[in-house]
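Novice: Sequence and predicted structure are below.
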Amino acid sequence: MILDEIRACINGVNVSWQKHSLQRMFERDISRQEVKIAILNGIIIEEYREDYPFPSILLADVLGEKPLHVVVSYDAENAKCYVITAYEPDEQHFEEDLMTRKKDEK
């Protein structure tokens, strides 16, 4: 399962923080530690198997009262994961549970 491999990368520090993700995290006041926790404890709410160059997943977690989504991809050949972005979901794009994307958002 891709999530097990991604979690192993996070625990083994074989993770690449993309420049875009770090910029967005800074703008959104989201720390690397919060992203790591979300990856380690979150659940997969969407899978993007056709993403290029590596398949990715959207994880959801709640840290205290702060909901957090993280998109992360996995390079199986090099056993490395890439944090693509992280954000706090909102009800404009997601249902009240903040895990189900609204039908008109796909």
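Specialist: Cool, the structure landed. Quantities reported herein were computed from a predicted structural model and do not represent experimental measurements. Residues are numbered from 1 along each chain as shown.
Novice: Distance-wise, check Ile10 relative to Pro55.
Specialist: 17 Å (C-beta to C-beta, to the nearest Å). Every residue, glycine included, has its C-beta placed from N, CA and C.
Novice: Pick out whichever of the two has more residues nearby.
Specialist: Taking other C-beta atoms under 10 Å, Ile10 and Pro55 do not tie; Ile10 has more neighbours (19 against 15).
Novice: sec struct for that one, please.
Specialist: Recorded secondary structure, Ile10: helix (DSSP: H, G, I helix; E, B strand; the rest coil).
Novice: what's the span of stretch 39-48, first residue to last?
Specialist: 16 Å (C-alpha to C-alpha, to the nearest Å).
Novice: ok, residues contacting that stretch?
Specialist: Residues from elsewhere that reach stretch 39-48 (C-beta atoms under 8 Å, 6 or more residues apart in numbering): 2-3, 6-7, 10-11, 55-61, 68-70, 72, 83, 99-101.
Novice: Show the buried residues in those residues.
Specialist: Neighbour counting by 16 or more other C-beta atoms under 10 Å classes 2-3, 6-7, 10, 56-61, 68-70, 72, 83, 99 among the contacts of stretch 39-48 as buried.
Novice: Out of the residues you listed, which sit inside helices?
Specialist: Ile2, Leu3, Ile6, Arg7, Ile10 (DSSP state H).
Novice: what's the burial count for the residue lying closest to Val83 once chain neighbours are set aside?
Specialist: Spatially, and ignoring its direct neighbours in sequence, Val83 is nearest to Ser21 (4.7 Å; C-beta to C-beta, 6 or more residues apart in numbering). Neighbours of Ser21 under the rule other C-beta under 10 Å: 22.
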